[in-house]
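Participant: can't give you the sequence, but here's the structure:
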């Protein structure tokens, strides 16, 4: 098995990132906007407590006992 194989996509990305190091910095900045957050436990608790429970079979009408 050839362990030295490198796909064209991998070669492209490696060369692109070598030529454009600012892309990595922009990627990390964009990631921090959505993902890298400090969680507030009190806010999470409030959010969890404020959810409204869903009724089972929400897509069916009320069933009568006929």
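Facilitator: Structure's in. What do you need? Quick caveat, the model's predicted, so the values are computed rather than measured.
Participant: Find the nearest non-adjacent residue to residue 23, please.
Facilitator: residue 17 (6.3 Å; CB to CB, 6 or more residues apart in numbering). All C-beta spots, glycine's among them, are computed from the backbone N, C-alpha and C.
Participant: Regarding the one you found, what is its secondary structure?
Facilitator: Secondary structure, DSSP: H, G, I helix; E, B strand; the rest coil: residue 17 is helix.
Participant: Wait, it touches residue 26, no?
Facilitator: No: counting by CB atoms under 8 Å, residue 17 sits too far from residue 26 to count as a contact (11.4 Å).
Participant: picking that back up, give me the pLDDT for the residue nearest to residue 23.
Facilitator: Per-residue pLDDT puts residue 17 at 94.
Participant: low-scoring pLDDT stretches of the chain, where are they?
Facilitator: Within the chain, the ranges that satisfy pLDDT under 70 run 1, 58, 60-66.
Participant: in it, which spans are helices?
Facilitator: 8-19, 22-34, 41-49 (DSSP state H).
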